[in-house]
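> based on what follows, work out the 3D shape:
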Amino acid sequence: MTDLRQAAQQALEALHEFGYHGSSPRWERTANALKAALAQPEQEPSQWRDMIVVTLVREGINKHKARELADHFAAQRPWQGLTEECKP
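Next comes the predicted model:
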């Protein structure tokens, strides 16, 4: 589990522990947002991302900046897979 998922889980548990019962609209929205975030499948780093990071580092970009750029571009255009007409 990633750090962000752990933080979301802890925040949701804290809402329940400290009296969340749906009495406050703000708490309800917060709990629903946390539940929605936790319901999404965890994404593993892809080989494509790793290849981009290595290439950028070879070109002289800082390793941390290269990771940030690769994540940015991966988030903007997720893998769609091959269409039926492209499959062998």
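> per-residue confidence averaged over the helix or strand harbouring Asn32?
Secondary structure assigned from DSSP states H and E places Asn32 in helix 25-39. What helix 25-39 shows for mean pLDDT is 83.
> return stretch 33-52 as CSV; C-alpha atoms alone will do.
Written as CSV, here are the backbone C-alpha positions of stretch 33-52 (Å, rounded to 0.1, in the frame of the first residue of the first chain):
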residue,chain,number,x,y,z
ALA,A,33,-14.0,11.3,-1.0
LEU,A,34,-11.7,9.1,1.0
LYS,A,35,-13.8,6.0,0.3
ALA,A,36,-13.8,6.8,-3.4
ALA,A,37,-10.0,7.3,-3.4
LEU,A,38,-9.5,4.0,-1.6
ALA,A,39,-11.9,2.1,-3.9
GLN,A,40,-9.7,2.9,-7.0
PRO,A,41,-7.2,0.2,-7.9
GLU,A,42,-3.7,0.9,-6.9
GLN,A,43,-1.5,1.6,-10.0
GLU,A,44,1.9,0.0,-10.2
PRO,A,45,4.7,1.7,-12.0
SER,A,46,4.9,0.6,-15.5
GLN,A,47,7.8,-0.5,-17.6
TRP,A,48,7.0,2.5,-19.9
ARG,A,49,7.5,4.9,-16.9
ASP,A,50,10.8,3.2,-15.9
MET,A,51,12.0,3.5,-19.5
ILE,A,52,11.2,7.2,-19.7
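> just for the chain, where's the confidence low?
The chain contains residues with pLDDT under 70 at 1-3, 19-23, 42-45, 74-83, 86-88.
> and it, what are its domain boundaries?
Following automatic domain parsing, one finds the domains of the chain at 3-39, 47-76.
> return the set of buried residues in the last one.
By neighbour count with 16 or more other Cβ atoms under 10 Å, domain 47-76 contains the buried residues 49, 52-53, 56, 66-67, 69-70, 74. (C-beta placed from N, C-alpha, C; glycine too.)
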